[in-house]
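[1] next come a sequence and a model predicted from it.
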Amino acid sequence: MALRVGIIGAGIGGLSSAIGLRRIGAEVEIFERSSFKNEVGAAITITPNGSRILDSWGFDEVKARVTEAKVLRMVHAHTLETAFMEDLADVPRKFGAKMGFYHRVDLHTTLKEMAQGEEADQPGTPATIRLGVAVVDIDCDTGMIALADGTTVTKDLIIVADGIRSQFISKITSHDDSVKELSWSAYRCLIPMNTILSDPATRSIFENQPAGYWTPFYIPKAFYMVAYPCRDNQTLNIALRHKTQPKDRDKEDWNSAAAREDVLQALKDYHPTMGEIINKASDIKIYKLVRREPLLRYWRGRAVIIGDAAHTILPTHAQGAVLAVEEAAALELLLEGLTNSADVPSRLELYSDLLKNHIHVVQNLSETIPGTRDEYRRKAEELCGDELFGHQAMNFSTPVQEFFYSYDVCKEVTRGMKEAGIMKDNAHVSV
């Protein structure tokens, strides 16, 4: 009998889970509060440890308009002189898949099509996505999902993937694990690349350069501005970390509007070319950075929590979306061939045991300031020991690549299943 799965949230984690679980014969129903009428978002990076999984699922990166990362350029914020450069062109050979830049909407649309695609295109039964349907309660032990219209459904498995402000975390942890706001926010915007290249003041930064990260930084003030292209190299994505201003403290929406003059004020002490870039943006957004302590558990009964709902991953190493994909792949492996739904809780317990340490390390490292050794770095060191890269390693440098991109969640889960006495012969996910 097919496993009946209810997924709360149709973001990257929810859709990835739907793809993985339909491949093993599950009947998947997704409940999404929004209507997807006005999909928005900035760019997102998928590093090789996530790309390998997407490739194994048949993800069409051309349809998703990927831009392959070829270089990392760290530059001094005051002078724009190169401080550090890393060639990323060899990443696919070293780690088995590319590092790709995507517009979030393109990535999301492609994943949604895979989750809902006909059986001729994707293995298994297409997932059902119920838009504009809010979940108001769950029962982890029985698999009950209560909807806002008063109806209920019962599933063998509930996947909580409703984002960073999930209302169901306490159902899993039995604690108040609410997010806490940091003192930092990020401005972000998208600018047509031809607009950048048409102005001599900004053209020289990107003209005849391989696609990749361009990052002005100043460590004493924890200042970082990150620019990289997406959508077939046609759009430039900008993100600027800054101290949250008093007037922005009440903004809860990650898509809140920001004033150009505020962004320029944040850049006033640095090289003027950064301001020239921002002046070309027609629409600037701001979101506040938040954190929650790493959860002590990720499952209860028939329910598991994944993605942003399960962990706050800052964009430091571009592992937030990747971790959600890894979690989906882990669930695919752990639940394939399950013949008795009564075994779901024990498989979810094994899931949590196998991934918890990895999740905690990724989360703590995302909160460190590169080039420093702060409390979050020390927490990661306690979990990893000598395997962790040195604290002086810059983002996306070779030691950082080797640490994150060499991690293979499929191999780790397969090893854990064998040690637990669960025989496995999976034909879907490359291990």
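    Nice, thanks for sending it over.
[2] ok, Ala2 to Leu335 distance?
    The spacing between Ala2 and Leu335, counted by CB to CB, to the nearest Å, is 11 Å. C-beta here means a position set from N, CA and C on the backbone, and glycine is covered the same way.
[3] shared neighbours of the two, anything?
    When CB atoms under 8 Å, 6 or more residues apart in numbering defines a contact, the residues bordering Ala2 and Leu335 alike are Ala26.
[4] who has more neighbours, those two?
    When Ala2 and Leu335 are compared for neighbours, Leu335 comes out ahead with 22 against 15, by other CB atoms under 10 Å.
[5] nearest spatial neighbour of that one, skipping sequence neighbours?
    With CB to CB, 6 or more residues apart in numbering as the criterion, Leu335 has its nearest non-adjacent residue at 5.9 Å, and that residue is Arg347.
[6] Leu350 and Gly416 touch, don't they?
    Yes. Applying CB atoms under 8 Å, one finds Leu350 in contact with Gly416, separated by 6.4 Å.
[7] quick check, central residue of the protein?
    Closest residue to the average C-alpha location of the chain: Ala321 at 1.5 Å, with CA atoms, centre = their mean.
[8] scan the chain for its longest strand.
    strand 180-192 (DSSP state E).
[9] which helices and strands sit right next to that one?
    The contact analysis (3 or more CB pairs under 8 Å, 6 or more residues apart in numbering; DSSP states H and E) places strand 180-192 against strand 235-243, helix 260-266, strand 284-291.
[10] enumerate the positions of whichever helix or strand comes after the second one that are buried.
    Counting by DSSP states H and E, the element after helix 260-266 in chain order, helix or strand, is helix 272-278. With burial defined by 16 or more other CB atoms under 10 Å, the residues of helix 272-278 counted as buried are 274-278.
[11] how about stretch 36-49?
    Quick answer for stretch 36-49 (16+ other CB under 10 Å): 41-49.
[12] what's the average pLDDT for that stretch?
    Mean per-residue pLDDT for stretch 36-49: 83.
[13] for it, what is the distance to the chain centroid?
    9 Å (CA atoms, centre = their mean, to the nearest Å).
[14] same check, this time on stretch 390-408
    Relative to its chain's centre, stretch 390-408 lies at 17 Å (CA atoms, centre = their mean).
[15] okay, how far is it across that stretch, tip to tip?
    Distance across stretch 390-408, first residue to last, is 21 Å (CA to CA, to the nearest Å).
[16] what does it contact?
    Stretch 390-408 is touched from outside by 47-49, 52, 72, 74, 84, 86, 88, 91, 94-95, 213, 215, 316-319, 326, 358, 362, 368, 370-373, 377, 387-389, 431, with contacts defined as CB under 8 Å, 6+ apart.
[17] now list the buried members of those residues.
    Among these, those that count as buried by neighbour count (16+ other CB under 10 Å) are 47-49, 52, 72, 74, 86, 88, 91, 95, 213, 215, 316-319, 326, 358, 362, 368, 370, 377, 388-389, 431.
[18] next, the angle strand 235-243 makes with the helix or strand containing Met114.
    Using DSSP H and E, Met114 sits in helix 104-116. With axes from the mean of the first three to the mean of the last three CA atoms, to 10 degrees defining the directions, helix 104-116 sits at 110 degrees from strand 235-243.
[19] right, and Pro229 touches Thr67 too?
    Yes. Using CB under 8 Å, Pro229 and Thr67 qualify as a contacting pair, with a distance of 5.0 Å.
[20] kindly report the domain assignment for this structure.
    Listed domain ranges for the chain are 4-61+98-178+293-419, 180-290 (source: automatic domain parsing).
[21] out of those, which gets nearest to Leu80?
    domain 180-290 (4.9 Å; CB to CB).
[22] now do the buried residues in stretch 344-353.
    Judged by neighbour count using 16+ other CB under 10 Å, the buried positions of stretch 344-353 are 344-345, 347-352.
[23] picking up where we left off before, in a markdown table: the domains of the chain, plus distance to His78.
    Putting the domains of the chain into a markdown table (distance: least, CB to CB, whole Å) gives the following:
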| stretch | distance to His78 |
| --- | --- |
| domain 4-61+98-178+293-419 | 16 |
| domain 180-290 | 6 |
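[24] gap between stretch 312-327 and the chain center?
    Taking the mean C-alpha point of stretch 312-327 and that of its whole chain, the gap between them comes to 4 Å (CA atoms, centre = their mean).
[25] state the mean pLDDT of that stretch.
    Across stretch 312-327, pLDDT averages out at 96.
[26] for that stretch, how far is the first residue from the last?
    14 Å.
[27] now swap in stretch 95-107 and tell me
    Where stretch 95-107 starts and where it finishes are 21 Å apart, if you go by CA to CA.
[28] count of neighbours near the closest residue to Asp308 other than its chain neighbours?
    The shortest distance from Asp308 to any residue that is not its chain neighbour, by CB to CB, 6+ apart, is 4.2 Å, and that residue is Ile164. By the criterion of other CB under 10 Å, Ile164 has 19 neighbours.
[29] pretty sure Ile164 belongs to a helix, no?
    No. Assigned with DSSP: H, G, I helix; E, B strand; the rest coil, Ile164 falls outside any helix and is coil.
[30] is it in contact with Ile313, as I believe?
    No. When contacts are counted by CB under 8 Å, Ile164 is not listed as touching Ile313 (9.4 Å).
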